[in-house]
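S.K.: Take this sequence and fold it.
(2 chains)
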Amino acid sequence: GESVGLHLPTLSVQEGDNSIINCAYSNSASDYFIWYKQESGKGPQFIIDIRSNMDKRQGQRVTVLLNKTVKHLSLQIAATQPGDSAVYFCAENMAVYNQGGKLIFGQGTELSVKP
Amino acid sequence: KAGVTQTPRYLIKTRGQQVTLSCSPISGHRSVSWYQQTPGQGLQFLFEYFSETQRNKGNFPGRFSGRQFSNSRSEMNVSTLELGDSALYLCASRVRAGNTEAFFGQGTRLTVV
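M.R.: Take a look at the predicted model:
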């Protein structure tokens, strides 16, 4: 039968504006978080990460904020450009003692940048 | 430094067949994880290998299996393919198992007909 895709939240911004993409994570024990960007036909591209002992981390044009109290993560992109148009995923690392960890991904947000 | 390499990029198989996908991690990385991406379920964890041992497994049937070689390259195998196995299969490379940066390959697009 016909498959029903996830209905991705969409964020549409004007070129040059700042973008904020939000994500709620599920596990209080998650110790590490990553934001990925995925363009059509490509694998997820690492953007920025943050550990659970931090609440803010900045990269080039990007900032990640972590609020452990409400289990919320956000990605801020400054001066958004058309090349930023993509689907953005947050991922939480669920650590398993002595057995590595697995990434649990959010559903993704589609960012559309209007020139 | 070369990134994560997955082969093949595209694959078409018939229901009931089996398939093997390959992943070469970034040089020096010893952890390889596999993920399935579909429009309906998003990105889902399959399993993680480190030092040739499976460290972690997701909620997939036993038809999905994998292994890792001494050079850290990994393969995943899907037996008795079903239409619902059509997906983008992604491999992620980490220096070690655990909370470190994970870098993805381009994926293998598997279509089951």
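S.K.: where does chain B have low pLDDT?
M.R.: Residues of chain B meeting the criterion pLDDT under 70: B:1.
S.K.: so how many other residues sit close to residue B:18?
M.R.: Neighbour count for residue B:18, taken as other CB atoms under 10 Å in any protein chain shown: 11. The way it works is simple: take the backbone N, C-alpha and C, and place the C-beta from them, glycine included.
S.K.: The residue positioned nearest the centre of chain B - nearest residue in space that isn't next to it in sequence?
M.R.: Geometric centre of chain B, nearest residue: residue B:34, 3.3 Å, by CA atoms, centre = their mean. Once flanking residues are discounted, residue B:34 sits nearest to residue B:46: 4.1 Å by CB to CB, 6 or more residues apart in numbering or on different chains.
S.K.: ok but the one you found is inside a strand, no?
M.R.: Yes. Assigned with DSSP: H, G, I helix; E, B strand; the rest coil, residue B:46 falls within a strand.
S.K.: so the residue nearest to the centre of chain B sits right up against residue B:47, yeah?
M.R.: Yes. Applying CB atoms under 8 Å as the test, residue B:34 and residue B:47 come out as touching, 5.7 Å apart.
S.K.: Common neighbours of the two, please.
M.R.: Shared contacts of residue B:34 and residue B:47, defined by CB atoms under 8 Å, 6 or more residues apart in numbering or on different chains, are found at B:66, B:76.
S.K.: which residues in chain A form strands?
M.R.: Here chain A has its strands, by DSSP state E, at A:10-14, A:19-24, A:32-38, A:45-51, A:56-58, A:62-67, A:72-77, A:86-95, A:101-105, A:109-114.
S.K.: I'd like the mean pLDDT over the longest one, please.
M.R.: Strand A:86-95 shows a mean pLDDT of 92.
S.K.: same for that strand, what does it pack against?
M.R.: Under the contact criterion of 3 or more CB pairs under 8 Å, 6 or more residues apart in numbering or on different chains; DSSP states H and E, strand A:86-95 touches strand A:19-24, strand A:32-38, strand A:72-77, strand A:101-105, strand A:109-114.
S.K.: Dump these into TSV; add mean neighbour count, mean pLDDT and distance to residue B:105 as well.
M.R.: Conversion of those to TSV gives the following (neighbours: other CB atoms under 10 Å in any protein chain shown; pLDDT from 0 to 100; distance: least, CB to CB, whole Å):
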stretch	mean neighbour count	mean pLDDT	distance to residue B:105
strand A:19-24	17	95	23
strand A:32-38	23	96	12
strand A:72-77	19	96	22
strand A:101-105	23	88	14
strand A:109-114	17	96	22
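S.K.: tell me the strands in chain B, going along the chain?
M.R.: Per DSSP E, chain B carries strands over the ranges B:5-7, B:10-13, B:19-24, B:31-38, B:42-50, B:53-57, B:64-68, B:74-78, B:87-94, B:103-104, B:108-112.
S.K.: separation between the residue nearest to the centre of chain B and chain A?
M.R.: 10 Å (CB to the nearest CB, to the nearest Å).
S.K.: returning to that earlier point: distance to residue B:84 for the strands of chain A - can I get that in JSON lines?
M.R.: As requested, the strands of chain A are exported to JSON lines (distance: least, CB to CB, whole Å):
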{"stretch": "strand A:10-14", "distance to residue B:84": "27"}
{"stretch": "strand A:19-24", "distance to residue B:84": "27"}
{"stretch": "strand A:32-38", "distance to residue B:84": "22"}
{"stretch": "strand A:45-51", "distance to residue B:84": "27"}
{"stretch": "strand A:56-58", "distance to residue B:84": "38"}
{"stretch": "strand A:62-67", "distance to residue B:84": "34"}
{"stretch": "strand A:72-77", "distance to residue B:84": "30"}
{"stretch": "strand A:86-95", "distance to residue B:84": "22"}
{"stretch": "strand A:101-105", "distance to residue B:84": "19"}
{"stretch": "strand A:109-114", "distance to residue B:84": "24"}
